[in-house]
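K.L.:
whatever this is, show me its structure:
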Amino acid sequence: MQFYIIEPLDILLFREAKPFSPAEGSWAKGIFPPLPITVFQALRSTIDASESENNRRFQFIGPFLLYEEPGEKPELWLPTPKDLLCINTKKNDDEQEEISESNYKDKSIEWERLVCLQPLDCNHEIWSSLGFDLEYFPENGLVPMIPPTASPLEANATSLNHRSHNEYISGRPQPWIKASALVKYLQGESLIDASDFHHDPWSLQVLSHIQMQSDKRQVKTEDGYFTEVAVRLHKYWKLVAGIDTQIEETTVRLGGEGHRALVYPLDELPMWDEIQSFAETSDSKGNKAYLVTPGLAQSHPTELIYGVFPYAWREQLLGCVSDRPILYGGKSVYQKRPMLPQRAFVPPGTVYRFQRDFQQCSQSVLPSVGGKWLQTLQSLNYGKLLWSR
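P.N.:
Okay, here's the model as predicted:
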């Protein structure tokens with residue numbers, strides 16, 4: 001697979017999949033980074049027609065973020081695992097106020113160490129009075145994920161006070177992590193360097209639109225005024241994606257409104273081989289999985305209802321951490337019409353914890369049955385999992 005840098009020449013506009021009708025006061029939200037299918041179609045438009053028309057199904061992966069400063073080795077950035085929490089130590093009032101003001105200016109979160117959310121131990125006496133709806137939380141199956149500071153981790157710990165009284169959870173780390181740090185995370189190592197994390201490297205730009213009547217200098221009442229939200233990547237930040245074909249350096253239309261991006265090959269994607277090693281099936285893999293690309297999890301055995309984890313995992317899944325609610329995945333199960341797949345994707349960075357003796361699970365977060373649309377998702381590497389060790 002050859003990787004290509006996608007360098008925007010202008011702002012990028014990727015409207016979310018929610019239906020949108022222009023009218024007074026309407027606001028069209030955007031999504032970033034774009035979904036894989038969007039970037040793939042942009043790259044596919046540059047491929048020779050004869051190669052595209054022979055029904056070949058291309059293999060694709062991405063897009064990811066790349067930081068490439070002139071004269072320096074490029075760095076690959078991926079979504080931060082969502083089970084990480086920042087632990088800090090309480091300071092006096094003057095120091096705390098100074099830190100808070102600094103955080104506001106540089107959009108950073110002060111932390112001294114990171115910890116991972118852990119599955120709640122239902123057998124411990126502290127949680128013995130808790131009960132769960134067996135329809136959603138099968139017995140000996142899925143349980144809430146809680147901070148380790150709220151659950152004794154050591155065999156001789158008998159109370160919640162085994163941790164330092166001065167420690168507290170100060171939030172979550174920045175949403176992007178270096179690929180080298182992600183490898184350490186998947187290897188079970190502690191992350192202590194704050195420079196391994198970065199806030200969203202783009203700025204939002206609001207675009208206002210109106211449509212005029214052709215015969216009058218007035219706004220069309222049926223379209224009226226509406227706004228869209230575009231993004232502008234910061235200096236030295238680019239997108240990167242891989243595809244199993246050769247593409248010459250060129251420009252492609254990307255992000256709507258006729259905006260374009262420069263596409264050119266990357267000699268080597270740093271840390272990609274190390275990242276790929278965690279995607280290989282192995283009997284010695286750990287019981288934690290990290291989602292590196294958007295997934296689509298069918299949460300009902302027969303109906304097209306999507307959630308944050310597949311229904312088939314219910315008996316093997318111990319815990320799950322994501323930005324979306326566990327039971328719904330952003331969609332009410334009581335809605336009569338099923339949600340469109342493009343609105344139900346599980347966000348990258350989602351983390352799954354399995355039983356120690358779990359059976360072989362699927363290597364991707366995708367439905368087990370589907371037509372051509374499922375084959376497309378598979379070829380574009382939607383729902384790709386990396387397994388910890």
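K.L.:
from now on I want contacts and neighbour counts done on CA atoms only, so please keep to that.
P.N.:
Noted.
K.L.:
contacts for the helix or strand harbouring residue 3 next, please.
P.N.:
Here residue 3, judged by DSSP states H and E, is contained in strand 2-8. With C-alpha atoms under 8 Å, 6 or more residues apart in numbering as the contact definition, strand 2-8 has outside contacts at 233, 238-246, 260-269.
K.L.:
and residue 227, how many neighbours does it have?
P.N.:
Residues lying near residue 227 (other C-alpha atoms under 10 Å) number 18.
K.L.:
that one: which element?
P.N.:
Using DSSP H and E, the secondary-structure element containing residue 227 is strand 225-233.
K.L.:
in its sheet, what does the helix or strand that that strand is followed by sit against?
P.N.:
Following the chain from strand 225-233 toward its C-terminal end, the next helix or strand by DSSP H and E is strand 237-243. For strand 237-243, the paired strands and their directions (DSSP bridges) read strand 2-8 (antiparallel), strand 60-67 (antiparallel).
K.L.:
from residue 272, how far off is the nearest residue to residue 287 once chain neighbours are set aside?
P.N.:
Residue nearest to residue 287 in three dimensions, not counting chain neighbours: residue 354, with 5.0 Å by C-alpha to C-alpha, 6 or more residues apart in numbering. Noted for residue 354: a distance of 25 Å to residue 272, by C-alpha to C-alpha, to the nearest Å.
K.L.:
then residue 234?
P.N.:
23 Å.
K.L.:
show me the shaky parts of the stretch 1-150 of the chain.
P.N.:
18-26, 49-55, 92-109, 132-140, 149-150 (pLDDT under 70).
K.L.:
one step back: looking at residue 354 and residue 272, which one has more neighbours?
P.N.:
residue 354 (23 against 13).
K.L.:
where does the more buried one land on pLDDT?
P.N.:
In this prediction, residue 354 carries a pLDDT score of 89.
K.L.:
quick one: buried ones out of the contacts of strand 2-8?
P.N.:
Applying 16 or more other C-alpha atoms under 10 Å to the contacts of strand 2-8, the neighbour count classes 233, 238-243, 260-266, 269 as buried.
K.L.:
so which of these sits lowest on pLDDT?
P.N.:
When these are compared on pLDDT, residue 260 comes out least confident, at 91.
K.L.:
partners of that residue in the sheet?
P.N.:
residue 253.
K.L.:
wait, doesn't it sit right on residue 250?
P.N.:
No - counting by C-alpha atoms under 8 Å, residue 260 stays clear of residue 250, with 10.2 Å between them.
K.L.:
for the stretch 151-300 of the chain, give me the ranges with low pLDDT.
P.N.:
Per-residue confidence for the stretch 151-300 of the chain (pLDDT under 70) gives these ranges: 151-165, 209-225, 281-285.
K.L.:
what are the ranges of the strands in it?
P.N.:
Ranges of strands in the stretch 151-300 of the chain, per DSSP state E, counting those that start in this stretch, are 167-171, 176-178, 197-198, 202-210, 225-233, 237-243, 250-253, 260-265, 288-291, 297-298.
K.L.:
without its sequence neighbours, what residue ends up closest to residue 114?
P.N.:
For residue 114, the closest residue by C-alpha to C-alpha, 6+ apart turns out to be residue 86, at 4.9 Å.
K.L.:
from residue 79, how far off is that neighbour?
P.N.:
Here residue 86 is placed at a distance of 16 Å from residue 79 (C-alpha to C-alpha).
K.L.:
of those two, who's got more company?
P.N.:
Legend: neighbour count by other C-alpha under 10 Å for residue 86 and residue 79, higher for residue 79 (24 against 19).
K.L.:
list the contacts for the more buried one?
P.N.:
Residue 79 neighbours (C-alpha under 8 Å, 6+ apart): 175, 176, 177, 292, 348, 349.
K.L.:
ok, the fifth one touching residue 289?
P.N.:
Yep, that's residue 348 we're talking about. No - taking C-alpha under 8 Å as the contact criterion, residue 348 and residue 289 are not neighbours in contact, 11.5 Å apart.
K.L.:
wait, what's in contact with the residue positioned nearest the centre of the chain?
P.N.:
Relative to the mean C-alpha position of the chain, the nearest C-alpha, by C-alpha atoms, centre = their mean, is the one of residue 348, at 2.1 Å. The neighbours of residue 348, taking C-alpha under 8 Å, 6+ apart as the test, are 79, 291, 292, 293, 294, 295.
K.L.:
residue 304: which of the strands of the stretch 151-300 of the chain is closest?
P.N.:
Each of the strands of the stretch 151-300 of the chain was checked against residue 304 via C-alpha to C-alpha, and the shortest separation belongs to strand 297-298, namely 6.5 Å.
K.L.:
so how far is stretch 250-258 off the chain centroid?
P.N.:
Stretch 250-258 has its C-alpha centroid displaced from the chain centroid by 23 Å (C-alpha atoms, centre = their mean, to the nearest Å).
K.L.:
buried set for that stretch?
P.N.:
Of all the residues in stretch 250-258, those buried under the rule 16+ other C-alpha under 10 Å are 251, 252, 253, 254, 255.
K.L.:
dump the residue contacts of the first one.
P.N.:
By C-alpha under 8 Å, 6+ apart, the residues touching residue 251 are 260, 261, 262, 263.
K.L.:
between those residues, which is closest to residue 375?
P.N.:
Distance from residue 375 was checked for each of the contacts of residue 251 by C-alpha to C-alpha. The minimum falls on residue 263, at 25.9 Å.
K.L.:
so the closest one versus residue 362, what's the distance?
P.N.:
Computed as C-alpha to C-alpha, the residue 263 to residue 362 distance reads 33 Å.
K.L.:
residue 87 against residue 170, yeah?
P.N.:
Yes - using C-alpha under 8 Å, residue 87 is in contact with residue 170, at 5.8 Å.
K.L.:
common neighbours of these two, please.
P.N.:
Residues touching both residue 87 and residue 170 (C-alpha under 8 Å, 6+ apart): residue 111.
K.L.:
neighbour count winner among those two?
P.N.:
The neighbour comparison of residue 87 against residue 170 (other C-alpha under 10 Å) goes to residue 87, with 20 against 16.
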